[in-house]
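Q: One predicted model, sequence on top.
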Amino acid sequence: MAGQGGIVTPFFRFKPLEASIPQAQPEGRQLALAPPLLLGGLLLLVLDALLLLGVGWRRPVLAALLVLLVPLPARAQFFGFDAPPPRARSPSELVQIGWVRTAGRDAASKAGLQQLANALATRTAVQPAVPTAVDPARDALGAYAMIYWPIAVAGPPLTPQIADRVRRYLEEGGLVLFDVVDSSVTQGGLRSRLAALSCRRSSR
């Protein structure tokens, strides 16, 4: 009990809350921050690698186009809002990155991605696997955290079937880095190649 003037005496005791008083309870659900943090770190490392290798603004055409053609609902799912249950993954599973086979570019693509994998292993807690070649028409794209796609005249065409697979991969939170490696590919040609990936259909 408290004495006069609100002074606390040695006999002071807290009274238990009445049953009618509602008590605070944890509500809602936890938000998993690992996916967006991993994606953000990967984007920063990709940008850092491109700058170190001199890729980009020195070329006459758009050198690198980072495409995240994910509609807003899918982005919300990726960041943990109303997301579907995550796929079961082994604790020892490594982060896989890959590149799309392009005539005359495979060696450079593999070497560049290996440098990126080394940077991930050195600067983060991510343990990447050895980069591998990807066939967008046959391989399971969902197994890759990022896919590097060199855009060249001699490269694989973006058929409607492949575009549909890539679009679904992007909608599930995948990341594709399109890199214009052929100076004969104009910006208009690049837009036409990527038009099939657009989530919004044009009536024109």
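A: Structure received.
Q: which residues touch Ala121?
A: Gln127, Pro128 (C-beta atoms under 8 Å, 6 or more residues apart in numbering). The way it works is simple: take the backbone N, C-alpha and C, and place the C-beta from them, glycine included.
Q: Just the buried residues of the helix or strand hosting it, please?
A: Following DSSP states H and E, one finds Ala121 within helix 106-123. The neighbour-count check on helix 106-123 (16 or more other C-beta atoms under 10 Å) flags Ser109, Lys110, Gly112, Leu113, Leu116, Ala117, Ala119, Leu120 as buried.
Q: Tell me the one among the residues you listed nearest to Ala140.
A: Leu113 (18.1 Å; C-beta to C-beta).
Q: unless I'm mixing things up, that closest one is touching Trp99, no?
A: Yes - in this structure, Leu113 is within contact of Trp99 by C-beta atoms under 8 Å, at 5.8 Å.
Q: Between those two, which contacts overlap?
A: In contact with both Leu113 and Trp99: Pro131, Tyr148, using C-beta under 8 Å, 6+ apart.
Q: What are the contacting residues of whichever helix or strand comes after the helix holding Ala121?
A: Next helix or strand after helix 106-123 toward the C-terminus (DSSP H and E): strand 132-134. Applying C-beta under 8 Å, 6+ apart, the external contacts of strand 132-134 come out as Gln96, Gly98, Trp99, Val100, Arg101, Asp106, Lys110, Leu141, Tyr144, Ile147.
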